[in-house]
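Trainee: okay, sequence plus prediction incoming.
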Amino acid sequence: MTISDDDFAEWRAEQLRRRVEAFQARRPVMLRHAGELNDEVAEWGSRLFDGTARTLVLVGDVGVAKTWNVWEVLERAIKVGYQGSIIFSTQADWQEVVGPPADYDRLREMRQADVLVLDDLGASRINEWQREKLLGIVDERWQHARPTAVTSNMDEFDDVLKERITSRLGDTAIVVTLEGEDLRAAR
């Protein structure tokens, strides 16, 4: 049996449709609205396809659409065919993963994902145990040039994350500062 080009194209379109639907189902309800994607974030997303995307750091005050921008750029990338694995870790997810006891399977997945998102990094206290686990993730991702997206309200990462982590996150990073009013307060 031979598969025709039309059958293959139909199969690929169905696979893409399912991947987009699965990603959209994971996207939080309050982040599914339309908006304007930041140009630098969009550029980072386009680099996922040629393997040159590295670290994206979105900083800014509360409610300026940092998390929305990351969800949006990744959804757009998937819609045009990005096939990589994506792990989106909220601050609450991170707290569960690092325990103690640490979830070493999940930590391994975070190190190896094609794209890792660390949302609201530094929003809660980070102790030495957590920093040690984060260093392992950031270091392996940095060594293998795997894209990592970070959102944070912090201006200065060294105080909380310490130099070893911030050096690796900052190497070749695109740092985008989003400004504006708290969009949630405006609803």
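Mentor: Everything's here; your move. Source: prediction; values computed, not measured. Numbering: from 1, shown residues only.
Trainee: next one: the strand or helix carrying residue 7 to chain centre, how far?
Mentor: Residue 7 belongs to helix 5-26 when assigned by DSSP states H and E. Helix 5-26 sits 22 Å away from the centroid of its parent chain (Cα atoms, centre = their mean, to the nearest Å).
Trainee: okay, now residue 43: neighbour count?
Mentor: Neighbourhood size, residue 43 [other Cβ atoms under 10 Å]: 14. Where you see a C-beta, it was placed from the backbone N, CA and C, and this is true even at glycine.
Trainee: for it, which non-adjacent residue is spatially closest?
Mentor: Spatially, and ignoring its direct neighbours in sequence, residue 43 is nearest to residue 174 (7.6 Å; Cβ to Cβ, 6 or more residues apart in numbering).
Trainee: give me phi/psi at that neighbour?
Mentor: Per-residue torsions, residue 174: phi -100, psi 120 (degrees, to the nearest 10).
Trainee: so who does residue 180 touch?
Mentor: 60, 61, 64, 65 (Cβ atoms under 8 Å, 6 or more residues apart in numbering).
Trainee: distance of the closest residue to the second one other than its chain neighbours from residue 118?
Mentor: The spatially closest residue to residue 61, leaving aside those adjacent along the chain, is residue 153, at 6.5 Å (Cβ to Cβ, 6+ apart). Using Cβ to Cβ, to the nearest Å, one gets 13 Å for the distance from residue 153 to residue 118.
Trainee: centre of the chain to the lowest-mean-pLDDT helix or strand in the chain, how far?
Mentor: None of the helices or strands of the chain scores lower by mean pLDDT, DSSP states H and E than helix 158-161, at a mean of 87. Centroid separation for helix 158-161 versus its chain: 20 Å, with Cα atoms, centre = their mean.
Trainee: hmm, who's touching it?
Mentor: Against helix 158-161 from outside (Cβ under 8 Å, 6+ apart): 121, 122, 126, 131, 134, 154, 166, 169.
Trainee: quick revisit: the residue nearest to residue 43 - how many residues pack around it?
Mentor: Residue 174: 16 neighbours (other Cβ under 10 Å).
Trainee: kindly report the same for residue 96.
Mentor: Residue 96 has 12 neighbours, counted by other Cβ under 10 Å.
Trainee: tell me the phi and psi of it?
Mentor: Dihedral angles of residue 96 (phi, psi; degrees, to the nearest 10) stand at phi -70, psi -40.
Trainee: measure the closest residue in space to it that isn't next to it in sequence to residue 132 for me?
Mentor: Nearest residue to residue 96, sequence neighbours excluded (Cβ to Cβ, 6+ apart): residue 103, at 7.1 Å. The spacing between residue 103 and residue 132, counted by Cβ to Cβ, is 15 Å.
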